[in-house]
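Colleague: Fold the following and give me the result.
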Amino acid sequence: MIDQANNKKIEKAIELGLKEPTFDLAQDYSELGLDSFLDNEIIKEIPVVKTIVGVIKGGGSN
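Modeller: This is a model prediction of the structure:
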């Protein structure tokens, strides 16, 4: 029984380790795509996509 519990924890850790960097990379590419449509350099510096994702994650934690 203990081995199964440890295996599940390891599987979950691996799964999160693979998903999180992929999600972060997708956010970065989305930000680059959005920035390509903008002309204003100051507005390009605002992390719009990451801000939206952070607000959604924060709102979902309640």
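
Colleague: Output the longest helix belonging to the chain.
Modeller: Determined from DSSP state H, the single longest helix within the chain is helix 2-36.

Colleague: Residues touching whichever helix or strand comes after that helix, excluding its own?
Modeller: Going down the chain from helix 2-36, the next helix or strand is helix 41-44, by DSSP states H and E. If you take C-beta atoms under 8 Å, 6 or more residues apart in numbering as the criterion, helix 41-44 is touched by 35, 38. The C-beta positions use only the backbone N, C-alpha and C, and glycine is treated the same way.

Colleague: Let me know the average pLDDT across helix 41-44.
Modeller: Averaged across helix 41-44, the pLDDT comes to 89.

Colleague: List the buried residues for it?
Modeller: Judged by neighbour count using 16 or more other C-beta atoms under 10 Å, the buried positions of helix 41-44 are residue 44.

Colleague: now it, how far from the centre of its chain.
Modeller: Counting by C-alpha atoms, centre = their mean, to the nearest Å, helix 41-44 is centred 22 Å from the centre of its parent chain.

Colleague: what residues does stretch 47-60 touch?
Modeller: The contact list for stretch 47-60 (C-beta under 8 Å, 6+ apart) reads 27, 30, 31, 34.

Colleague: Pull out the buried positions in that stretch.
Modeller: 49, 53.

Colleague: Can I get the contacts of stretch 47-60 in a markdown table including distance to residue 14, pLDDT and neighbour count?
Modeller: Shown next, in a markdown table, are the contacts of stretch 47-60 (distance: C-beta to C-beta, whole Å; pLDDT from 0 to 100; neighbours: other C-beta atoms under 10 Å):
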| residue | distance to residue 14 | pLDDT | neighbour count |
| --- | --- | --- | --- |
| 27 | 21 | 90 | 16 |
| 30 | 25 | 92 | 15 |
| 31 | 27 | 92 | 17 |
| 34 | 31 | 91 | 15 |
